[in-house]
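Student: sharing a model that was predicted from the sequence below.
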Amino acid sequence: MITLKEAQGQVDEWIKTIGVRYFNELTNLGILMEEVGELSRIMVRHYGEQSFKESDKGKDLSDEMADVLWVLLCLANQTGVDLTEAFERNMAKKTKRDAQRHKENDKL
């Protein structure tokens with residue numbers, strides 16, 4: 001099992017040895033949006049009402065999710081964000097904020 005910190009390290013090593021350099025932050029933000037769009041396209045066709053087009057065939061949901069994660073890891077590396085620490089803080093925030101919120105939601 002790999003940790004987020006290890007994943008950030010692997011991406012950084014790959015970029016430095018194979019990828020030549022990081023794209024700039026704004027380029028990677030655009031790439032992230034593209035990858036999220038590709039993930040969305042597969043999700044909408046698999047779980048929603050849209051039918052698959054010929055160009056959608058062979059697309060793998062897990063691969064699309066991994067593409068999103070890859071670019072997010074790049075952005076974290078570029079901006080000095082430790083995703084492990086960020087995730088832990090975010091979980092604590094959500095746990096405190098939403099301790100009763102969802103349990104009391106009549107819509108759920």
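Tutor: Nice, I can see it. Residues are numbered from 1 along each chain as shown.
Student: if I look at residue 101, how far off is residue 93?
Tutor: Shown here: residue 101 relative to residue 93, a distance of 13 Å by C-beta to C-beta, to the nearest Å. From N, CA and C alone the C-beta is placed, and that goes for glycine too.
Student: find the nearest non-adjacent residue to residue 11, please.
Tutor: With C-beta to C-beta, 6 or more residues apart in numbering as the criterion, residue 11 has its nearest non-adjacent residue at 4.4 Å, and that residue is residue 73.
Student: swap in residue 50?
Tutor: Distances taken as C-beta to C-beta, 6+ apart place residue 44 nearest to residue 50, at 5.1 Å, with adjacent residues excluded.
Student: doesn't residue 52 make contact with that neighbour?
Tutor: No. If you go by C-beta atoms under 8 Å, residue 44 and residue 52 don't touch, sitting 10.1 Å apart.
Student: go through the helix or strand hosting residue 8 and flag the buried ones.
Tutor: Taking DSSP states H and E as the criterion, residue 8 maps to helix 4-17. Across helix 4-17, burial judged by 16 or more other C-beta atoms under 10 Å covers 4, 7, 8, 11, 12, 15.
Student: would you point out the most distant pair within those?
Tutor: Between any two of the buried residues of helix 4-17, the greatest separation by C-beta to C-beta is 16.4 Å, found for 4 and 15.
Student: so which of the buried residues of helix 4-17 is the closest to residue 65?
Tutor: residue 7 (13.1 Å).
Student: give the contact list for the closest one.
Tutor: For residue 7, the contact set (C-beta atoms under 8 Å, 6 or more residues apart in numbering) comprises 69, 73, 83.
Student: again, 10 Å this time
Tutor: Counting by C-beta atoms under 10 Å, 6 or more residues apart in numbering, residue 7 touches 69, 70, 72, 73, 76, 83, 84.
Student: what pLDDT is listed against the last one?
Tutor: Pointing back at residue 84 there. We have a pLDDT of 97 for residue 84.
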